[in-house]
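A.B. asks: Quick one, what's the 3D model for this:
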Amino acid sequence: ASVSRTRVGDTFVADRAMRPDVVFGGEPSGAWIWPEETLCPDGPLAACKLVELVADRGSLSSLVDGVETHPIRRASVSVEEKVAVMNQVRDRVSERYDDVDTLDGVYVDVDDGWILLRASGTEPVVRLTVEARDESRAERLEADAVGILETAIATIAGIRS
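C.D. replies: All right, here's what the predicted structure looks like:
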């Protein structure tokens, strides 16, 4: 099994789910898609799938016990000029990290975690998400991402004044 990333939004997940090799598509907002049944996020179907999983494999608590979890940090920072700030973020992240993806915002994959900085499509904010193998690494990645974002905001403010 493999995982692929799409832009945020259930329409992008549904587009990717149309490929024949995809058995499930989802995002943290709860947009879960089973392409063999439907390409639309479907909450009642998700509930039925969960019931089916428990019936086939045992209690949910026993299934969850086997899932490795990692610390995740999320924050939203108010930003008036999202496009300009994100351009600065992209440039600064590209200077600092090797594995940078700009499919949807700025995503950085490091050996023991990842960072995502992306402008909200609905609010005047930049959202920051960090995940790492342990708390101390999550703290360091979050501090680095916040520092990059704050520097980008200050740079744009300096240019505009």
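
A.B. asks: Give me the neighbour count for A31.
C.D. replies: 20 (other Cβ atoms under 10 Å). Every C-beta, even on glycine, is put in place using the N, C-alpha and C of the backbone.

A.B. asks: scratch that, P20 is what I was asking about
C.D. replies: 6.

A.B. asks: Please apply the same query to V126.
C.D. replies: By other Cβ under 10 Å, 23 other residues sit near V126.

A.B. asks: what's the answer for G158, then?
C.D. replies: 8.

A.B. asks: Now it, what are its backbone angles?
C.D. replies: phi -70, psi -40 (degrees, to the nearest 10).

A.B. asks: what about the strands in the chain?
C.D. replies: 25-26, 32-33, 72-78, 100-101, 106-110, 113-119, 125-132 (DSSP state E).

A.B. asks: any chance of those in CSV, with distance to V8 and mean pLDDT too?
C.D. replies: As requested, the strands of the chain are exported to CSV (distance: least, Cβ to Cβ, whole Å; pLDDT from 0 to 100):
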stretch, distance to V8, mean pLDDT
strand 25-26, 12, 90
strand 32-33, 14, 88
strand 72-78, 13, 95
strand 100-101, 13, 94
strand 106-110, 11, 95
strand 113-119, 7, 96
strand 125-132, 9, 96
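
A.B. asks: So which of these is nearest A17?
C.D. replies: Nearest of those to A17, taken as Cβ to Cβ: strand 25-26 at 3.8 Å.

A.B. asks: helices or strands up against the closest one?
C.D. replies: Strand 25-26 sits against helix 10-17, strand 32-33, with contacts defined as 3 or more Cβ pairs under 8 Å, 6 or more residues apart in numbering; DSSP states H and E.

A.B. asks: Touching it from outside, list them.
C.D. replies: Applying Cβ atoms under 8 Å, 6 or more residues apart in numbering, the contact partners of strand 25-26 are 6, 13-14, 16-17, 32-33, 35.

A.B. asks: Switch the strands of the chain over to JSON lines; also include distance to E142.
C.D. replies: Output for the strands of the chain, formatted as JSON lines (distance: least, Cβ to Cβ, whole Å):
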{"stretch": "strand 25-26", "distance to E142": "24"}
{"stretch": "strand 32-33", "distance to E142": "27"}
{"stretch": "strand 72-78", "distance to E142": "5"}
{"stretch": "strand 100-101", "distance to E142": "17"}
{"stretch": "strand 106-110", "distance to E142": "12"}
{"stretch": "strand 113-119", "distance to E142": "8"}
{"stretch": "strand 125-132", "distance to E142": "5"}
